[in-house]
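Asks: Predicted coordinates and the sequence they were generated for:
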Amino acid sequence: MTGLVKVVIFDWAGTMVDFGCLAPVRALQAVLLDQGVEVSEADVRLDMGMAKRDHIARLLEMPRQREAWLSRHAEAPGEAEIDRLHSAVEPLMIAAAGECAQLIPGAREAFEALLAAGVRVGSGTGYTRAMMQAILPKAAAQGYRPEVVICAGETARGRPSAEPMLRALSDMGVTAPITACVKVDDAPVGIAEGRAAGAWTIGVAASGNAMGLGLEAYLALSQPERARRLADARASLQAAKPDYVIDSVADLAPALAQIEARIAAGERPSV
């Protein structure tokens, strides 16, 4: 690397840990099923990356889930109900997140390569601080320790606003221009967060929410099926207009090299 990229801010689930972004799906489906609302995995994944309270509210606004809720509860869920569901999902998320805290292959190596090149590393997540407590020590034990972790609820507005990323940079004391910063995320709302901040953005297709498969299931795909599903995942991320889409963080270095070449040529990120 040439030193023109100064900071990389990573997402967590689906980007650096939890190949396939499985933990939130399991927890959200379970807490809503307990209320008589069956939610498909596809519906859960539509707004993945949002703060979990916002995600629950969005799920219950969808016609199928709204109808199921009304058939059991007679009236639409209010703010108090959303708060109660969020409280109920938190212990499920903590348990699921702890079970899905394995680093994605290549994540530790990518992190170490950035540090060796003098690039600072921060992070943000749609999980609350309590949810992250199950992940942080396990990630650290595997060699991943970003400077900061900005969690859901710690900024006035969450993703897709720029506030979580800007808070991460502020807490790190970053003085480099935002055009020297990169956001790496597997979800459109995370890419939107980076774009809103004015940073370079890189989407992650194979390991993230768009693919939606655990590592073993992904590796078990036939080559034609894997290629087809990867094309679909890439297309869904491209709709969010990132600067680059890669398969996983194991492929980060070439994308960063291209970004540095574009910075050297006087280019700016897509916004």
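Replies: Yes, it's here.
Asks: now the residue nearest to Asp247 when sequence neighbours are not counted: how far from Asp11?
Replies: Excluding the flanking residues, the one nearest Asp247 by C-beta to C-beta, 6 or more residues apart in numbering is Ala206, at 4.0 Å. The C-beta positions use only the backbone N, C-alpha and C, and glycine is treated the same way. Distance from Ala206 to Asp11, counting by C-beta to C-beta, to the nearest Å: 14 Å.
Asks: in the stretch 51-200 of the chain, which segments are predicted with low confidence?
Replies: Residues of the stretch 51-200 of the chain meeting the criterion pLDDT under 70: none.
Asks: need the strands for it, in chain order.
Replies: For the stretch 51-200 of the chain, the strands defined by DSSP state E, counting those that start in this stretch occupy 120-124, 149-150, 181-185, 200-204.
Asks: Relative to Arg66, which of these is closest?
Replies: strand 181-185 (28.5 Å; C-beta to C-beta).
Asks: The closest one versus strand 120-124: what angle between them?
Replies: 40 degrees (axes from the mean of the first three to the mean of the last three C-alpha atoms, to 10 degrees).
Asks: In its sheet, which strands sit next to strand 181-185, and in what direction?
Replies: With DSSP bridges as the test, strand 181-185 is paired with strand 7-10 (parallel), strand 200-204 (parallel).
Asks: chain center to it, what's the gap?
Replies: Remark: strand 181-185 is offset 11 Å from the chain centroid, using C-alpha atoms, centre = their mean, to the nearest Å.
Asks: just stretch 6-20 next, same as before
Replies: Using C-alpha atoms, centre = their mean, the offset of stretch 6-20 from its chain centre is 6 Å.
Asks: End to end on that stretch, go ahead and measure it.
Replies: Distance across stretch 6-20, first residue to last, is 28 Å (C-alpha to C-alpha, to the nearest Å).
Asks: any chance you could map the helices in the stretch 51-200 of the chain?
Replies: With helices called from DSSP state H, counting those that start in this stretch, the stretch 51-200 of the chain shows them at 52-61, 63-73, 79-99, 107-116, 129-132, 136-141, 163-172, 188-197.
Asks: Out of those helices, flag the one nearest Val17.
Replies: helix 136-141 (6.1 Å).
Asks: if we can go back for a sec, how about the strands of the stretch 51-200 of the chain in a markdown table, adding distance to Asp247?
Replies: Below are the strands of the stretch 51-200 of the chain laid out as a markdown table (distance: least, C-beta to C-beta, whole Å):
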| stretch | distance to Asp247 |
| --- | --- |
| strand 120-124 | 20 |
| strand 149-150 | 24 |
| strand 181-185 | 12 |
| strand 200-204 | 7 |
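Asks: that older thread, switch the strands paired with strand 181-185 over to JSON lines; also include mean neighbour count.
Replies: What follows is those, written out as JSON lines (neighbours: other C-beta atoms under 10 Å):
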{"stretch": "strand 7-10", "mean neighbour count": "26"}
{"stretch": "strand 200-204", "mean neighbour count": "30"}
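Asks: Of all these, which one is nearest Gly98?
Replies: strand 7-10 (19.2 Å).
Asks: Give me the mean pLDDT for that closest one.
Replies: For strand 7-10, mean pLDDT is 98.
Asks: contacts for it?
Replies: 16, 114, 119-124, 146, 165, 168-169, 172, 174, 176, 180-185, 194, 199, 249, 256 (C-beta atoms under 8 Å, 6 or more residues apart in numbering).
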